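Student: could you look at this predicted model? Sequence included:
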Amino acid sequence: MPNQELSALQPVHNLKPYKRVEGTHQIERFFRMAAEIDVDKEDLRRYYNFIDKKVADLLLMAQHTAKANDRVRVELRDLPITKGLQESIHKFEALDLDIGLERILERNVPEPPFDLPYSDEVDARLPIIAGGLSLTVARSFKIIDPQTKHPATEGWERAFQIFDLLL
């Protein structure tokens with residue numbers, strides 16, 4: 001970057017922008033209600049990266065299942081939703097009535113391009129599935145360390161390692 005003189009009227013360019021800033025209040029409230037923990041901006045970045053990766057993983061596996069069954073699009077039944085994730089989805093739906101995180105996830109859950117298109121039902125359920133993943137990761141912090149109030153980087157890494165083993 002060239003050496004430039006900055007004046008007070010020049011715009012500030014964030015050299016390390018966060019991926020998303022929408023929904024900060026809802027995500028913070030969600031983590032407080034789901035697991036009695038506080039998250040900061042760096043945690044929000046980790047959270048969104050986690051959701052992006054896990055949704056992409058689920059959709060990739062769904063693509064393989066749909067292709068193996070000679071379907072022309074991914075249906076909801078192709079998603080590898082376990083019993084535990086299904087229960088987390090239901091708990092998320094009940095918890096989210098007062099928070100509104102699903103509306104944020106509707107606009108922010110990625111749909112990575114794969115070979116097959118997704119059905120309307122898959123599109124409609126992705127934010128709720130991401131919500132179930134959110135609830136599971138939030139509660140995993142209390143399993144890793146029941147006393148935690150603000151998960152450190154190591155706590156996030158442990159939670160992600162657990163998910164990598166399960167999903």
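Tutor: Happy to help now that I have it.

Student: mind naming the longest helix for the chain?
Tutor: helix 41-68 (DSSP state H).

Student: could you give me the average pLDDT of it?
Tutor: Average pLDDT, helix 41-68: 93.

Student: do stretch 142-151 as well
Tutor: 93.

Student: circling back to that earlier point, now the element after the longest helix of the chain, going C-ward?
Tutor: helix 83-95 (DSSP states H and E).

Student: how far does the next helix-or-strand element following that next one sit from the chain's center?
Tutor: Sequence-wise, the next helix or strand downstream of helix 83-95 (DSSP H and E) is helix 101-108. Distance, stretch centre to chain centre, for helix 101-108: 10 Å (C-alpha atoms, centre = their mean, to the nearest Å).

Student: can you list the buried residues in helix 101-108?
Tutor: Buried residues in helix 101-108, counted by 16 or more other C-beta atoms under 10 Å: 101, 102, 104, 105, 108. In short, each C-beta sits where N, CA and C put it, glycine included.

Student: please apply the same query to stretch 146-163.
Tutor: Those would be 151, 155, 156, 158, 159, 160, 163, for stretch 146-163 by 16+ other C-beta under 10 Å.

Student: next, the angle from the host helix or strand of residue 155 to helix 83-95.
Tutor: Using DSSP H and E, residue 155 sits within helix 153-166. Relative orientation of helix 153-166 versus helix 83-95 (axes from the mean of the first three to the mean of the last three C-alpha atoms, to 10 degrees): 130 degrees.
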